[in-house]
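1. need a structure here:
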Amino acid sequence: MSDNEDGGNYGALSPAYDAEPEYDPDEPTEPFDPDGEGTHEIDDITIAQNPDQLLTTGDRSVVVSGDVAAAKRAEKTPKDKKIPNDQRITTPYMTKYEKARILGTRALQISMNAPVLVDLEGETDPLQIAIKELREKKVPLIVRRYMPDGCYEDWTCEELLQ
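-> Model prediction:
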């Protein structure tokens with residue numbers, strides 16, 4: 001133990017507290033608006049930067065499934081690659097991967113105070129609530145399955161849980 005108890009600074013203040021933070025008035029503002037004045041819509045740029053993000057189309061949500069490479073190619077092509085419901089070719093059953101993604105996405109929504117679509121009987125865990133919604137076929141999400149050619153099929157959870 002030495003007589004110098006301040007850790008070798010010899011009485012000087014820490015450099016973190018000496019100077020004021022640098023402020024540049026010409027610096028552009030952050031894209032996040034803490035005042036809540038901006039619009040909080042999801043645009044194509046946001047979707048392209050984070051393809052795993054939940055996509056909102058109208059009042060229904062889309063969860064991407066299928067060929068990831070085809071999904072990337074579809075972003076560069078026109079959006080009219082949707083296969084009509086009467087011409088869909090994939091199996092009408094939900095895969096275990098789609099189920100996991102649906103439950104995780106819906107549990108996240110519920111934990112962020114999204115409205116719950118089933119009667120709660122003491123459940124507080126968002127994942128258990130999402131499982132109950134899935135069991136009762138009340139999940140408001142759409143599974144988007146991309147084909148290798150870039151086309152996609154949209155399936156509601158109700159159709160996949162027959």
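2. Please make it C-alpha for all contacts and neighbour counts, starting now.
-> Fine.
3. Could you measure from Asp149 over to Gly104?
-> The gap separating Asp149 from Gly104 is 28 Å, by CA to CA, to the nearest Å.
4. Settle it for me: which of the two has more neighbours?
-> Set Asp149 next to Gly104 and count neighbours by other CA atoms under 10 Å: Gly104 wins out with 16 against 13.
5. thought that one was touching Ile129?
-> No: if you go by CA atoms under 8 Å, Gly104 and Ile129 don't touch, sitting 11.1 Å apart.
6. Which secondary structure element of this protein has the lowest mean pLDDT?
-> strand 55-57 (a mean of 42; mean pLDDT, DSSP states H and E).
7. what's the single longest helix in this protein?
-> Ranked by number of residues, the top helix in the chain under DSSP state H is helix 96-111.
8. Which positions within that helix qualify as buried?
-> Of the residues in helix 96-111, 98-99, 101-107, 109-110 count as buried by neighbour count, 16 or more other CA atoms under 10 Å.
9. So which elements touch it?
-> On a contact count with 3 or more CA pairs under 8 Å, 6 or more residues apart in numbering; DSSP states H and E, helix 96-111 meets strand 60-66, helix 126-135.
10. could you pull out the strands for this protein?
-> 55-57, 60-66, 141-146, 152-156 (DSSP state E).
11. packing partners for the longest one?
-> Using 3+ CA pairs under 8 Å, 6+ apart as the contact criterion, the secondary-structure elements in contact with strand 60-66 are strand 55-57, helix 96-111, strand 141-146.
12. out of these, nearest to Gly66?
-> strand 141-146 (4.8 Å; CA to CA).
13. what about dumping the CA coordinates of the closest one to CSV?
-> Taking C-alpha atoms only, strand 141-146 is exported to CSV below (Å, rounded to 0.1, in the frame of the first residue of the first chain):
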residue,chain,number,x,y,z
LEU,A,141,-49.7,-12.4,-38.8
ILE,A,142,-49.2,-13.5,-42.4
VAL,A,143,-46.4,-15.9,-43.4
ARG,A,144,-44.7,-14.9,-46.7
ARG,A,145,-43.0,-17.8,-48.4
TYR,A,146,-40.5,-16.9,-51.1
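14. and it, which residues are buried?
-> Neighbour-count burial for strand 141-146 [16+ other CA under 10 Å]: 141-146.
15. and Met94, how many neighbours?
-> Applying other CA under 10 Å, we find 19 residues neighbouring Met94.
16. residues in contact with it?
-> 157, 160-161 (CA atoms under 8 Å, 6 or more residues apart in numbering).
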